[in-house]
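> model the structure of this input:
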Amino acid sequence: MGHLWFQTANDIVPLGYLAAVNDLVSAAQYDWGYAILTSLYHGLDTEVTTGGAITGFVQLLPYWFYEYCGVGHPIVKEEVKYPAYPRLRVWERGSMRKTNDQAANLFIIGKYHIDHRTVETITWDPWFDSAVSETEDVLNAKLLSRKRIPLQVPSGNCKYYLGDRCWRQVTGEVCIPLDPSLNMSPHISSATLHEMRQTGFVDYEQFVVEEERETYASYWAE
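Alright, predicted model coming up:
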């Protein structure tokens with residue numbers, strides 16, 4: 001967590017996180033994924049709307065790209081690449097494959113593959129055959145990945161996880177997501193959030209184009 005928070009000497013962390021890590025014994029029980037994903041969404045949103053920088057947990061982007069595209073970190077030992085759980089354990093120092101005591105991460109080759117990656121060469125469900133794919137945590141994550149969920153951070157604001165935007169990743173099917181609703185406020189009361197959680201949040205099926213289409217190009221052409 002420290003490596004993700006403090007990537008440079010000038011990095012700062014919102015004070016709201018201080019309360020969460022005050023009791024380090026309890027901190028291990030938290031689902032940090034939501035806070036990390038929210039921070040990442042906020043950074044991406046800031047980058048494309050105001051020209052700001054993607055900060056905080058931006059390092060998780062190359063991790064994601066490697067998992068789905070197999071590019072960016074070709075130094076992981078084969079025996080720990082898939083059975084590791086949680087997934088970030090794959091990236092621990094002891095999991096690196098070395099040649100002559102040196103990590104063999106070939107950046108030039110990785111950049112070439114990134115530039116030439118196509119939709120057909122993406123592994124949409126990279127953990128399908130993993131030994132941990134049927135654990136309770138993973139099954140719950142798959143269920144939640146099919147919902148629209150507000151992700152809260154210590155500031156109280158929300159960024160939304162849109163399951164319909166990740167349809168291909170969680171189902172393997174090709175569908176076109178509709179535009180997000182305009183009334184998705186970043187400010188949600190605790191009572192409203194609790195009510196949404198009790199009802200199981202909103203399924204993503206109603207936010208995609210119903211007709212089956214092969215590509216985005218054919219959809220926009222019509």
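
> only C-alpha atoms from now on, for both contacts and neighbour counts.
Will do.

> tell me the buried residues in the stretch of helix or strand L44 belongs to?
Using DSSP states H and E, L44 maps to helix 32-50. Counting neighbours by 16 or more other CA atoms under 10 Å, one finds that the buried residues in helix 32-50 are Y34, A35, I36, L37, T38, S39, L40, Y41, H42, G43, L44, D45.

> all helices of the chain, in order?
With DSSP state H, the ranges of helices along the chain come out as 2-5, 16-21, 24-27, 32-50, 60-69, 78-81, 107-115, 136-144, 167-171, 190-198, 216-221.

> and for the fifth one, what's in contact with it?
So that's helix 60-69. By CA atoms under 8 Å, 6 or more residues apart in numbering, the residues outside helix 60-69 that reach it are V71, G72, H73, R117, T121, I122, T123, W124, D125, P126.

> need the max-distance pair from the buried residues of helix 32-50.
Farthest apart among the buried residues of helix 32-50 by CA to CA are Y34 and D45. That separation is 16.2 Å.

> for the protein, spot the helix or strand the model is least confident about on average.
Lowest by mean pLDDT, DSSP states H and E among the helices and strands of the chain is strand 102-103, with a mean of 52.

> OK, contacts around the residue minimising distance to the centre of the chain?
When CA atoms, centre = their mean is applied to the chain, the residue found nearest the centroid is L37 (5.7 Å). Going by CA under 8 Å, 6+ apart, L37 touches L151.

> over to W124?
Counting by CA under 8 Å, 6+ apart, W124 touches Y68, R168, Q169, V170, G172.

> so how do I select the buried members of these in ChimeraX?
Of the contacts of W124, the buried ones can be selected in ChimeraX as follows, counting by 16+ other CA under 10 Å:
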select :68,169,170
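
> including distance to V21 and pLDDT, could the contacts of W124 go into a markdown table?
Below are the contacts of W124 laid out as a markdown table (distance: CA to CA, whole Å; pLDDT from 0 to 100):
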| residue | distance to V21 | pLDDT |
| --- | --- | --- |
| Y68 | 31 | 81 |
| R168 | 35 | 84 |
| Q169 | 32 | 83 |
| V170 | 31 | 81 |
| G172 | 37 | 80 |
